[in-house]
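Student: Build the 3D model from these lines:
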Amino acid sequence: MYVADIIKDEYKEWKENEKIFITAPTGCGKSSFIINDLFEYACLEKKYILYLVNRKILKKQLENDILDKVKSMPSDDSYQKYITVKTYQEIESEMMRGTICYYQYRYIVCDEVHYFISDSMFNTNTIKSYKYIQSYYQRATVIFMSATMDIVKSSIKVIETGYDEKLHGKGGNSLTDDCKYKIDSYNKTVKEYYVEQNYDYLDIVWFKSIDDIPTIIEDADMISDSKVKWLIFLNNIEKAKEIERQIEENKTVVFIKSNYEKDDDAKENVDLIISTKEFKADVLISTSVLDNGISIEDEELRNIVIVTDDKTELLQMLGRKRKDGQNVNVFLWTGNEEHFKHRYEWYNEIYNKYLSINYMVEESNRARQMWANNVYPYSQTQFGEIQGTEKISEPKNYQVDNQQHHIDLGSMLPDSVRLNNKKNNQINEIHSRNTEMHSMFPVGVPNLACWNQIEIMNQFLGSERMHNVMKHFIFQANWCGNRTYFGIELGVNPFSGWMINDKYSLAKEIMETIEKDGYAFCKRQLEWLGLLNEEVVIDVYNNEKVIEETKKIICELVEQELGKELDQEMNVAFKLKIFTPAMRLLKLLGRHEKKELNKWYNTLRKPISPNGKISEACISANKFTELMEIFQLPYVMCGGNKTGIYVVESKDLY
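Tutor: Reported below is the predicted structural model:
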């Protein structure tokens with residue numbers, strides 16, 4: 001079932017003040033519906049669409065799709081003007097610079113709308129692009145689309161109504177008339193469309209350690225009858241580089257991260273994904289830069305490895321590979337108690353600080369509202385109509401205007417606030433300006449907001465540890481063209497709060513259950529995929545089992561030659577037969593050092609060139625015996641040297 005099949009022609013009746021929520025798994029035609037149906041209709045009606053996405057790569061792919069659509073429409077070069085594709089980050093940057101424009105868009109499409117939540121801890125400006133979208137609520141149809149809508153949909157409702165079911169319950173007599181009116185008004189503007197998720201095409205295998213990934217790839221490739229590609233999602237860059245180093249000898253490996261455009265191989269593969277929806281490398285390792293929106297339709301991609309403890313990331317990463325009628329092997333991480341304990345402690349610290357800073361910001365907002373309702377009208381009558389932004393001296397010379405910024409706290413901080421060596425001077429200047437503010441308004445209401453801002457900045461700039469905690473939710477609450485008399489202020493992103501709380505709750509729950517049930521996180525991931533039931537079998541990749549199976553393969557190959565007299569040609573053929581399982585077993589046994597692996601690689605494969613001819617060298621009796629001792633297998637090799645004849649014999653290990 002596709003999105004267009006669910007919506008049919010209803011989109012033609014969508015009103016200007018409506019919010020449309022489309023929840024559908026990846027590959028169910030969300031963007032196709034916008035481009036093939038809504039865009040074509042908008043062109044006929046001469047209405048404009050703003051299409052917002054969360055990744056530059058996705059933007060490029062959509063622009064290509066739109067160009068293909070325009071080419072298929074009746075010849076008219078003007079069609080493309082009816083749709084504009086931007087990233088949310090571009091909107092946020094324009095708002096910060098004061099260059100944002102408010103065009104007469106009839107439709108605002110918010111694709112991958114989980115961005116507001118999922119990115120909010122490392123980009124705390126997500127609330128700004130939401131505020132921009134919010135400004136269109138009464139004059140456009142706003143369409144929210146995602147495969148992971150649940151958290152962000154409830155968050156938007158809280159922002160618009162001020163009512164949170166988790167905090168206030170599910171209704172009843174406790175609701176005020178004003179709150180009931182807001183909820184009722186909001187619900188009347190909402191339409192929802194839903195496509196059921198179906199992940200029954202996944203063959204899931206679990207692994208306990210990231211260090212197992214290279215072995216998993218080698219093991220899977222040994223039993224594969226055809227060339228297959230791998231897509232690995234891993235946000236730990238150091239671990240990703242280590243995996244790349246271990247497998248690059250036998251495969252073409254490309255690592256894609258946020259600055260991929262600086263790497264020729266990475267850029268080539270990303271460009272191929274954008275243009276052809278396929279990639280060139282045998283193994284593509286990626287951070288979350290590839291986790292949203294883009295489509296990969298490469299039939300050779302049959303294996304996906306995902307390391308994450310986040311529901312949105314898991315579903316988005318899985319969705320990069322579009323269904324093609326064949327099953328896909330998915331390797332998921334089991335998690336462990338140590339990981340979730342660390343996550344719990346970290347998110348607990350961040351969430352507690354978020355709550356305290358959020359309270360101070362709300363207190364400041366209440367003070368500001370009280371001043372606006374009471375002191376501001378009085379100030380107009382007492383101070384007259386004088387305008388200006390000069391240095392503050394005496395109160396009687398100034399009108400306090402919400403559009404002015406006499407007390408510019410933001411001038412001490414850059415747009416993207418960072419810890420720096422000038423923090424003491426900055427805080428002193430804030431104190432100085434606040435003193436002038438106090439002389440202007442002895443009633444003290446604005447002073448509360450100013451002093452709260454000083455305290456927030458003191459904490460934010462006070463230590464590296466606190467800066468690292470608060471940077472996950474602090475943002476510049478007003479910006480160019482939106483400065484109040486308080487100046488540029490720091491605020492908290494509510495989306496960050498929901499994200500932190502969600503991660504804290506998950507870490508706490510898994511930490512408390514995984515000690516008794518080692519598969520607790522596996523079951524949670526299966527629940528996210530809709531695959532958890534009583535009959536499910538959790539198949540965990542077992543390193544020891546693979547070691548035994550690999551030893552068995554080597555033993556079978558050795559037994560075939562046992563007791564035979566091998567000349568040099570037969571020795572080389574025998575050596576090449578055991579090369580692949582022997583190299584894999586070395587890695588399985590923890591012999592990852594490049595020097596040692598190279599030594600055995602050269603021993604088992606190094607060509608020599610006698611008399612100008614390229615040939616393979618024999619494996620010496622001593623080297624073969626040494627290898628069997630490492631593997632703890634009961635074999636030795638005799639002969640060689642002058643005779644040129646080698647014999648493999650069995651022996652007792654003990």
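Student: Can you show me the strands along the stretch 501-650 of the chain?
Tutor: Using DSSP state E, counting those that start in this stretch, the strands found in the stretch 501-650 of the chain span residues 565-566, 607-608, 615-616, 635-639, 646-650.
Student: In a markdown table, list those along with distance to residue 61, mean neighbour count and mean pLDDT.
Tutor: (C-beta placed from N, C-alpha, C; glycine too.) Listed next are the strands of the stretch 501-650 of the chain as a markdown table, based on distance: least, CB to CB, whole Å; neighbours: other CB atoms under 10 Å; pLDDT from 0 to 100:
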| stretch | distance to residue 61 | mean neighbour count | mean pLDDT |
| --- | --- | --- | --- |
| strand 565-566 | 56 | 17 | 92 |
| strand 607-608 | 44 | 10 | 54 |
| strand 615-616 | 46 | 15 | 62 |
| strand 635-639 | 55 | 18 | 92 |
| strand 646-650 | 56 | 18 | 93 |
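Student: Nearest to residue 85 among the ones you listed would be which one?
Tutor: strand 607-608 (53.2 Å; CB to CB).
Student: Now do the top helix by length along the chain: which elements does it pack against?
Tutor: Assignment by DSSP state H gives helix 337-370 as the longest helix of the chain. Helices and strands touching helix 337-370, by 3 or more CB pairs under 8 Å, 6 or more residues apart in numbering; DSSP states H and E, are helix 445-462, helix 464-470, strand 490-492, helix 494-513.
Student: Determine which of those approaches residue 18 most closely.
Tutor: Nearest to residue 18, of those and by CB to CB, is helix 494-513 at 22.2 Å.
Student: Give me the distance from the closest one to the chain's centre.
Tutor: Chain-centre distance of helix 494-513: 16 Å, with CA atoms, centre = their mean, to the nearest Å.
Student: And for stretch 307-317?
Tutor: Distance, stretch centre to chain centre, for stretch 307-317: 8 Å (CA atoms, centre = their mean).
Student: And stretch 628-644, by the same measure?
Tutor: Relative to its chain's centre, stretch 628-644 lies at 51 Å (CA atoms, centre = their mean).
Student: And it, what's buried?
Tutor: Burial within stretch 628-644, assessed by neighbour count using 16 or more other CB atoms under 10 Å, is assigned to 628, 631, 633, 635, 636, 637, 639, 640.
Student: returning to that earlier point: CSV please, covering the strands of the stretch 501-650 of the chain and showing distance to residue 530.
Tutor: Converted to CSV, those look like this (distance: least, CB to CB, whole Å):
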stretch, distance to residue 530
strand 565-566, 56
strand 607-608, 53
strand 615-616, 52
strand 635-639, 50
strand 646-650, 53
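Student: Can you tell me the centre-most residue of the chain?
Tutor: residue 288 (4.0 Å; CA atoms, centre = their mean).
Student: Leaving out the residues flanking it, which one is nearest to it?
Tutor: Nearest residue to residue 288 in three dimensions, chain neighbours excluded: residue 235, at 5.9 Å (CB to CB, 6 or more residues apart in numbering).
Student: so which of the strands of the stretch 501-650 of the chain gets nearest residue 123?
Tutor: Nearest of the strands of the stretch 501-650 of the chain (CB to CB): strand 607-608, 52.2 Å.
Student: re the thing from before, quick one: the residue nearest to the centre of the chain and residue 313 touch, right?
Tutor: Yes - between residue 288 and residue 313 there is a contact at 6.4 Å, judged by CB atoms under 8 Å.
Student: overlap in contacts of these two?
Tutor: Listed contacts common to residue 288 and residue 313 are residue 233; contacts here mean CB atoms under 8 Å, 6 or more residues apart in numbering.
Student: So residue 360 versus residue 128, what's the distance?
Tutor: For residue 360, the distance to residue 128 (CB to CB, to the nearest Å) stands at 20 Å.
Student: So the two - more neighbours on which side?
Tutor: Between residue 360 and residue 128, counted using other CB atoms under 10 Å, the more crowded position is residue 128 (25 against 19).
Student: Apart from its chain neighbours, what residue comes closest to the more buried one?
Tutor: Spatial nearest neighbour of residue 128, excluding adjacent residues (CB to CB, 6+ apart): residue 92 at 4.7 Å.
Student: how about the CA coordinates for the one helix or strand that neighbour maps to, as PDB?
Tutor: Assessed by DSSP states H and E, residue 92 sits inside helix 88-97. Presented in PDB, the C-alpha positions along helix 88-97 are these (Å, rounded to 0.1, in the frame of the first residue of the first chain):
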ATOM      1  CA  TYR A  88      15.500  23.000   7.600                       C
ATOM      2  CA  GLN A  89      19.100  24.200   8.400                       C
ATOM      3  CA  GLU A  90      18.900  26.700   5.600                       C
ATOM      4  CA  ILE A  91      15.800  28.200   7.100                       C
ATOM      5  CA  GLU A  92      17.400  28.400  10.500                       C
ATOM      6  CA  SER A  93      20.500  30.100   9.100                       C
ATOM      7  CA  GLU A  94      18.400  32.700   7.200                       C
ATOM      8  CA  MET A  95      16.500  33.400  10.400                       C
ATOM      9  CA  MET A  96      19.700  34.000  12.300                       C
ATOM     10  CA  ARG A  97      21.000  36.400   9.600                       C
END
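Student: pretty sure residue 254 belongs to a helix, no?
Tutor: No - under DSSP: H, G, I helix; E, B strand; the rest coil, residue 254 falls outside any helix and is assigned strand.
Student: What does the pLDDT read for it?
Tutor: Model confidence at residue 254, given as pLDDT, is 92.
Student: Quick check: the gap between the closest residue to it other than its chain neighbours and residue 460.
Tutor: Sequence neighbours aside, residue 281 is the residue nearest to residue 254 in space, at 4.1 Å (criterion: CB to CB, 6+ apart). Residue 281 is 42 Å from residue 460, where distance means CB to CB.
Student: Ok, residue 240 next?
Tutor: 31 Å.
Student: more crowded one of those two?
Tutor: The residue with more neighbours, out of residue 240 and residue 460, is residue 240; 23 against 20, by other CB under 10 Å.
Student: what mean pLDDT would you report for the helix or strand harbouring that one?
Tutor: If you go by DSSP H and E, residue 240 is part of helix 237-247. Across helix 237-247, pLDDT averages out at 90.
Student: Could I get the buried residue list for it?
Tutor: 240, 242, 243, 244, 246, 247.
Student: For residue 52, state which of those is nearest.
Tutor: Taking the buried residues of helix 237-247 together and measuring to residue 52 by CB to CB, the closest member is residue 240, at 29.2 Å.
Student: quick one: the closest one and residue 272, what's the gap?
Tutor: 20 Å.
Student: cool, and residue 65?
Tutor: 16 Å.
Student: With residue 35 instead?
Tutor: Look at residue 35 and residue 272: by CB to CB, they are 21 Å apart.
Student: Also residue 247?
Tutor: With CB to CB as the criterion, residue 247 and residue 272 are 20 Å apart.
Student: now swap in residue 561 and tell me
Tutor: From residue 561 over to residue 272 the distance is 45 Å, taken as CB to CB.
Student: Of those two, give the one with the bigger neighbour count.
Tutor: A count of neighbours by other CB under 10 Å puts residue 561 above the other of residue 561 and residue 272, at 20 against 16.
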